[in-house]
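Engineer: mind folding the following:
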Amino acid sequence: MLVRHSLAKCNLLFSPGKSPIFSSLSSLKFCKTSVSAARAEDDTVNSYHPSNLEDTVSQILAYLKRVHPKTIVESCYSRDLFSSLSISQVDQIIEKLGVEKSELVVVFFNLLRNDYGFCHSRPSVFVVSHVLAERKRMKELRTVLMQMVEQEGSGSAQSLCELLWNCFRGCESTNLVWDMLAFTYSRSEMVHDALYVIAKMKDFDMLPTIPTYNSLLYNMRHTDQVWSIYYEIKSIGSSQSDYTNSILVDGLCRQSRLEDALSVFQENERGDEFMPSVVLFNTLMTGFCKLGFLDTAKSFFCTMLKYGLLPDSYSYNILIHGLCMAGYMEEALGFTNDMERDGVGPDVVTYNIIAKGYHLLGLMSGAWETIRKMLSKGINPDSITYTMLVCGYCQTGNIKEAFKLQEEMLSKGFQLNTVSYGVLISSLCKIGQVSEALRLLYEMESIGLKPDIVTYSILIHGFCRTGEVQRAIQLYKEMSLKKIIPNSYAQSAILLGLCNKGMISEARTYFDSLTEREFPVDIILFNIMINKYAKLGCIGEAIQLYTRIFEKGISPSIVTFNSLIYGFCRIRKLEEAKRWLYHIEAHGMLPSVVTYTTLMNAYSVEENIDSMIELLLEMKIKGVEPSHITYTVLIKGLSKRLRLQECIQLLDHMYVSGISPDQITYNTLIQCFCKAQNLSKAFQLHDEMSLHNLQPTPVTYNVLINGLCVYGDLKDADRLLNILQERKVILRKVAYTTLIKAHCVKGSTDKAKSLFCQMRETGFEISVRDYSAVINRLCKRGLIIEAKEFFRMMIFDGISPDKEICAVMVEASNQGGDITFLCLMLCLMIKLGLLPDQSYC
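Structural biologist: Model prediction:
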């Protein structure tokens, strides 16, 4: 009766005849097709079949009032009857039912909407909304208004408010409808519409409820307007909920306004009615932990206990997460123990946080120990646990274990997400297993996951790194067909891949296809192409591309200028290269350490020490700190002029300046002293490397062995090789070939042969050049028999001689008068298709 009375009061606003609510609305079609007529279910239903369209509304009203609601819903006759209704007829029926039979209006409204897809008019929605509000069916009211708001869209608040005020202001439940309308706008993130409804409510002396204000406060917590909403809540005298303060504090924390958040808490704390909640403290702890203020967060935890509040698992997890992210694992584990002691059992979230903390520190053993402890307590890992472990193993390079975990996940019904697949694909690409990574991409797609631009770019880059540029281009095309817009990372990877493969023409064609489009172009693409032209010495093409940069409205980067300077240095135009320093400054940039080092290296080749020193001084004046590479280049230049003392002074200056030399720096110095025949100083520098925790490289030992062979005692070189072999030091083939050549020159053929066999047994790939180097030296020494022995070893190893080595052996046999071997060599050359010189025949 209350509903009927309320809507009857609303009708006082309507003029006689057709209600103004519906007068301006045109007919609206059903969203579904009409159903065919069905036979009448009983005589009662048949007696109300409409005889003409004029009394359809009144007869349907009579039918609805007479038949039970369940029969209305289930009746085939109802479907046939209702499917032919127009929107104006539906509006009239809903208006009448709202006044006379309010319990049926909701049934009729839902039946048309849910079963027939009928799109109700605004007035009908509001009639039903008032019925639901009067009956306190708030969940259904929210659903009805939410559907209307989503259908009307943003900016519809003004017209809806006008309709509500003009036609429904007499309804007792209208305040609830207005409030719910504001709430649904807010929940739909149409904040301006929600604010408009609330403003109108205040104009009409209606007060929004706290849940509506809270919803609006939540949507605006990232903005400064959060304060105006909060003060408005306080000004109307509404009783704030714990949720209100938590939302405000959360918003302030998200804006990094921790002082304001703390002020709100302290202001409320001074109030007489302050009743803090666990939610409020959790919000504060979350905000302070995220910004690294762990001590303050812990103080809130203690304050919560002081108020007699018991922290929940979420409270503990907040602090544990903050401590783990800061690397305080011991303290985090202490809080985990406190949880168990206080009866708040750690859950899967807690253990995931601890495991992630270990993972961030690279301690995968600790992560596994955490998982084992979790399993021992009967807590099963979730997909987050597995994903984290997979990522951890991938990042530490243990791909095999990562794939074992993937199999375990699948066996337990879990599925990898896009992040896990992305990490696995990236890890495989890093170790060169790009084809396996591509298989994972297709596996992702087969289970419904959509790879993004990042995943495709990683694969494209992977293929380009392994030299499989065509496969990268094919994948690029697949990505484009799937409407995934390529980024500069993918494009630059392909361009770089083409350049590295030496396919300059193809690279330029691809570059032109990218830069001639209307889309924005990245300077990286220009830099790749300019750098390649510079390395090839094609400085004209590089300059041409440089001018095109400005035509495209792009600014060059320091990398652009460094490439151009390198190009001029490569073709020995050093003065022109130096002039580009002024171009850099003209574009508001400073030359980098790479810029100066590139120029200094070019002057080093020219042995122009004065220009190198001049550039070093200029660097210091302009505040550009030299790197260890800069000093190495200087040392190389000085060593060419045998200015050894200055080289050592530079090395000492590096240490004083806090710049650590690397192996290349020491190798340069060692080579310098070897050439100066100061082998004792060279070995002293070798020992100094170890003192500075620098592991000598194979190049270091190549230089020392070569120095001993050329400038020292060959026996010392042999002893050094034996010591290195005993210490299992990895050597390069050059170390062996250097000694072999030296023994050949000295005539120690047995030792040369022994070393050659060692080199072969070590697993080095032996080429015709290695044999040629030995045979040439033996022949020059007149050791023809020994040369023949090495030649037979080469044939026995399955290595075909080339024309040069055959010519050497033929000449040696000819000079030695060995006609038999000479004939054999000539036959071999003819067999191999190597035409012998006429003079031998």
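Engineer: in this protein, where is pLDDT below threshold?
Structural biologist: Applying pLDDT under 70 to the chain flags residues 1-56, 59, 63-84, 98-102, 236-242, 269-274, 518-519, 835-841.
Engineer: in whichever strand or helix holds residue 549, what's buried?
Structural biologist: In the assignment (DSSP states H and E), residue 549 maps to helix 539-551. Residues of helix 539-551 classed as buried: 539, 541, 542, 543, 545, 546, 548, 549 (neighbour count, 16 or more other Cβ atoms under 10 Å). Placement of C-beta: from N, CA and C, glycine included.
Engineer: residue 600 versus the residue nearest to residue 573 when sequence neighbours are not counted, what's the distance?
Structural biologist: If the residues on either side of it in the chain are set aside, residue 573 comes closest to residue 539, at 7.8 Å by Cβ to Cβ, 6 or more residues apart in numbering. Separation of residue 539 from residue 600 (Cβ to Cβ, to the nearest Å): 20 Å.
Engineer: ok, now residue 631?
Structural biologist: 10 Å.
Engineer: report all helices and strands that the helix holding residue 549 contacts.
Structural biologist: On a contact count with 3 or more Cβ pairs under 8 Å, 6 or more residues apart in numbering; DSSP states H and E, helix 539-551 meets helix 523-535, helix 558-570.
Engineer: okay if I get the ones you listed as a markdown table plus mean neighbour count and distance to residue 231?
Structural biologist: Shown next, in a markdown table, are these (neighbours: other Cβ atoms under 10 Å; distance: least, Cβ to Cβ, whole Å):
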| stretch | mean neighbour count | distance to residue 231 |
| --- | --- | --- |
| helix 523-535 | 22 | 49 |
| helix 558-570 | 23 | 51 |
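Engineer: as CSV, the ones you listed with distance to residue 380 would be great.
Structural biologist: Converted to CSV, those look like this (distance: least, Cβ to Cβ, whole Å):
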stretch, distance to residue 380
helix 523-535, 47
helix 558-570, 51
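Engineer: follow-up on the earlier one: OK, contacts around the residue nearest to residue 573?
Structural biologist: Counting by Cβ atoms under 8 Å, 6 or more residues apart in numbering, residue 539 makes contact with 533, 564, 567, 568, 570, 571, 573.
Engineer: can I get the buried residues of helix 539-551 in a markdown table with distance to residue 752?
Structural biologist: Formatted as a markdown table, the buried residues of helix 539-551 follow (distance: Cβ to Cβ, whole Å):
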| residue | distance to residue 752 |
| --- | --- |
| 539 | 46 |
| 541 | 49 |
| 542 | 48 |
| 543 | 52 |
| 545 | 53 |
| 546 | 54 |
| 548 | 58 |
| 549 | 57 |
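Engineer: of all these, which comes closest to residue 193?
Structural biologist: residue 549 (47.7 Å; Cβ to Cβ).
Engineer: hmm, the closest one is touching residue 560, no?
Structural biologist: Yes. Using Cβ atoms under 8 Å, residue 549 is in contact with residue 560, at 7.1 Å.
Engineer: could you name every residue contacting both of these two?
Structural biologist: Shared contacts of residue 549 and residue 560 (Cβ under 8 Å, 6+ apart): 523, 526.
Engineer: state the helix or strand in which residue 730 lies.
Structural biologist: Assigned by DSSP H and E, residue 730 falls outside every helix and strand.
Engineer: list the contacts for it?
Structural biologist: Residues in contact with residue 730, defined by Cβ under 8 Å, 6+ apart, are residue 698.
Engineer: cool, and the one 4 residues further on?
Structural biologist: Contacts for residue 734 were tallied using Cβ under 8 Å, 6+ apart; they are 698, 702.
Engineer: count of neighbours near residue 122?
Structural biologist: Around residue 122 there are 20 other residues, counting by other Cβ atoms under 10 Å.
Engineer: ok so, going back, report the two of the contacts of residue 539 separated the most.
Structural biologist: Spanning the widest gap among those are 533 and 573, at 14.6 Å by Cβ to Cβ.
Engineer: quick check: residue 538 vs residue 282, distance?
Structural biologist: Applying Cβ to Cβ, the value for residue 538 to residue 282 is 64 Å.
Engineer: hmm, I was thinking of residue 308
Structural biologist: In terms of Cβ to Cβ, residue 308 sits 16 Å off from residue 282.
Engineer: more crowded one of those two?
Structural biologist: Taking neighbours as other Cβ under 10 Å, residue 308 and residue 282 compare with residue 282 leading, 24 against 7.
Engineer: so which strand or helix has the more buried one?
Structural biologist: Using DSSP H and E, residue 282 falls within helix 278-290.
Engineer: cool, residue 710 as well?
Structural biologist: Element membership for residue 710 (DSSP H and E) is helix 698-711.
Engineer: and what of residue 798?
Structural biologist: Assigned by DSSP H and E, residue 798 belongs to no helix or strand.
Engineer: swap in residue 166?
Structural biologist: helix 157-168.
Engineer: elements contacting that helix?
Structural biologist: Helix 157-168 packs on helix 122-134, helix 174-187, helix 191-203, going by 3+ Cβ pairs under 8 Å, 6+ apart.
Engineer: which residues touch the residue nearest the centre of the chain?
Structural biologist: The residue lying closest to the centre of the chain (Cα atoms, centre = their mean) is residue 454, at 6.3 Å. Residue 454 makes contacts with residue 422, as judged by Cβ under 8 Å, 6+ apart.
Engineer: after the helix or strand where it lies comes which helix or strand?
Structural biologist: Element membership for residue 454, per DSSP H and E: helix 453-465. For helix 453-465, the succeeding helix or strand toward the C-terminus, using DSSP H and E, is helix 469-481.
Engineer: C-terminal to that following helix, what's the next element?
Structural biologist: Next element after helix 469-481 (DSSP H and E): helix 488-500.
Engineer: and the helix or strand that that next one is followed by with helix 469-481, angle?
Structural biologist: Per DSSP H and E, helix 488-500 leads on to helix 504-515 as the next helix or strand towards the C-terminus. Orientation check (axes from the mean of the first three to the mean of the last three Cα atoms, to 10 degrees): helix 504-515 against helix 469-481 gives 20 degrees.
Engineer: by contact count, what packs against helix 504-515?
Structural biologist: Against helix 504-515 (3+ Cβ pairs under 8 Å, 6+ apart) you get helix 488-500, helix 523-535.
Engineer: re the thing from before, which of residue 631 and residue 600 has more neighbours?
Structural biologist: For residue 631 and residue 600, the more surrounded residue by other Cβ under 10 Å is residue 600, and the numbers stand at 26 against 23.
Engineer: give the other helices and strands that the helix or strand encompassing that one contacts.
Structural biologist: For residue 600, the element it lies in under DSSP H and E is helix 593-605. Applying 3+ Cβ pairs under 8 Å, 6+ apart, we find helix 593-605 packed against helix 558-570, helix 574-586, helix 609-621, helix 628-640.
Engineer: give me the buried positions along the helix or strand hosting residue 791.
Structural biologist: Using DSSP H and E, residue 791 falls within helix 784-796. Going by neighbour count (16+ other Cβ under 10 Å), the buried part of helix 784-796 is 784, 786, 787, 788, 790, 791, 793, 794.
Engineer: cool, and stretch 162-176?
Structural biologist: 163, 164, 167, 168, 171, 172, 173, 174, 175, 176.
Engineer: also stretch 352-366?
Structural biologist: Across stretch 352-366, burial judged by 16+ other Cβ under 10 Å covers 352, 353, 354, 355, 356, 357, 358, 359, 360, 363, 364, 366.
Engineer: what are the phi and psi angles of residue 320?
Structural biologist: Torsion angles at residue 320 (phi, psi; degrees, to the nearest 10) stand at phi -60, psi -40.
Engineer: now do it against residue 388, distance only.
Structural biologist: Taking Cβ to Cβ, one finds residue 320 at 15 Å from residue 388.
Engineer: between the two, who's got more neighbours?
Structural biologist: Comparing residue 320 with residue 388 by other Cβ under 10 Å, the one with more neighbours is residue 320, at 29 against 23.
Engineer: so the more buried one makes contact with residue 335?
Structural biologist: Yes. Taking Cβ under 8 Å as the definition, residue 320 is a contact partner of residue 335 at 5.1 Å.
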